[in-house]
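Student: The amino acid sequence is not available; the structure is as follows:
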């Protein structure tokens, strides 16, 4: 695991986007195409803002959506699909983007997505970690064993509070109970992982991820087993290291 600490979220975003773009470009040059995964949330604001500025041949890139709530439309202000459409898809000429449909039957949607992603090898996954140490929507205790690429999960209380605290929902009762998320094993299949983690409210999760034992109770700790992971932190997130 490679760890870099920056003074500001802006510097973090620039560094994460630069590394991600370098790896995407290498994949295109090597294979004629690249497959990536994009995350959402406030942790990705600066990274995505910089990434869309990169002069990559986006037409040769296929993208997969990391996670999505069950039961909210793409028009909802908290929809991750809406987030990615506005912040990434509409700002690039991406070759293919595989959105998760949170409004349809979740079991059938997982089946559809799994059939699609099983056909490709992921070059770069962009991710963050939660205040509870979750990776994607794999809340603790996370399932480290399933081989299914996309799975259905229930969101825990801490995760729901984070979503409300970040301003995506007005109240805790508005936060959906479940989500479709990329599984831990699928995330680890990615050749490279770029993890952007700003803000002091993540400092305990960051410390546990880096310094505690690897355990499903700290889902992001599993990143230490991946040889090509970059953690980009701002000084607030790294406060307890």
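Tutor: Arrived safely. Keep in mind it's a predicted model, so treat the numbers as computed, not measured.

Student: Contacts only, for the closest residue to residue 211 other than its chain neighbours.
Tutor: What sits nearest to residue 211 in space, not counting adjacent residues and going by C-beta to C-beta, 6 or more residues apart in numbering, is residue 241, at 7.4 Å. All C-beta spots, glycine's among them, are computed from the backbone N, C-alpha and C. Applying C-beta atoms under 8 Å, 6 or more residues apart in numbering to residue 241 gives the contacts 5, 206, 207, 210, 211.

Student: Beyond the worst-scoring helix or strand of the chain on mean pLDDT, next helix or strand please.
Tutor: Within the chain, confidence by mean pLDDT, DSSP states H and E is lowest for helix 157-165 among all helices and strands, at a mean of 85. Per DSSP states H and E, helix 157-165 leads on to strand 178-182 as the next helix or strand towards the C-terminus.

Student: Where does the prediction get shaky in the chain?
Tutor: The chain contains no residues with pLDDT under 70.

Student: Just give me the longest helix of it.
Tutor: helix 9-31 (DSSP state H).

Student: got the buried residues for the least confident helix or strand of the chain?
Tutor: For helix 157-165, burial by neighbour count (16 or more other C-beta atoms under 10 Å) applies to 158, 159, 160, 162, 163, 164.

Student: Any figure for the gap between the third one and residue 198?
Tutor: It refers to residue 160. 21 Å (C-beta to C-beta, to the nearest Å).

Student: just to revisit the earlier point, check which helices and strands the longest helix of the chain sits against.
Tutor: Under the contact criterion of 3 or more C-beta pairs under 8 Å, 6 or more residues apart in numbering; DSSP states H and E, helix 9-31 touches strand 2-6, strand 34-38, helix 45-51, strand 124-127, strand 192-197, strand 229-234.

Student: closest one to residue 182 among the ones you listed?
Tutor: strand 34-38 (6.8 Å; C-beta to C-beta).

Student: so what strands line up beside that closest one?
Tutor: strand 61-65 (parallel), strand 124-127 (parallel) (DSSP bridges).

Student: Starting from the longest one, tell me the next helix or strand along the chain.
Tutor: The reference is to strand 61-65. Strand 61-65 is succeeded, C-terminally, by strand 67-69 (DSSP H and E).

Student: For the helix or strand following that next one, name the packing helices and strands.
Tutor: Once the chain leaves strand 67-69, the next helix or strand it forms, by DSSP H and E, is helix 80-87. When contacts are defined as 3+ C-beta pairs under 8 Å, 6+ apart, helix 80-87 sits against helix 45-51, strand 61-65, strand 67-69.

Student: Now with 7 Å, please.
Tutor: strand 61-65, strand 67-69 (3 or more C-beta pairs under 7 Å, 6 or more residues apart in numbering; DSSP states H and E).

Student: Tell me which of those is the most buried.
Tutor: strand 67-69 (a mean of 26; mean count of other C-beta atoms under 10 Å).

Student: Tell me the spacing between the closest residue to residue 131 other than its chain neighbours and residue 201.
Tutor: Computed as C-beta to C-beta, 6+ apart, the closest residue to residue 131 that is not its neighbour in sequence is residue 162, at 4.9 Å. Distance, residue 162 to residue 201, by C-beta to C-beta: 8 Å.

Student: JSON lines please, covering the strands paired with strand 34-38 and showing distance to residue 72.
Tutor: Listed next are the strands paired with strand 34-38 as JSON lines, based on distance: least, C-beta to C-beta, whole Å:
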{"stretch": "strand 61-65", "distance to residue 72": "14"}
{"stretch": "strand 124-127", "distance to residue 72": "21"}
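
Student: Among the ones you listed, which comes closest to residue 105?
Tutor: When those are compared (using C-beta to C-beta), the closest one is strand 61-65, at 17.0 Å.

Student: Show me what that closest one is in contact with.
Tutor: 24, 33-38, 80-81, 84, 94-100, 117, 120 (C-beta atoms under 7 Å, 6 or more residues apart in numbering).
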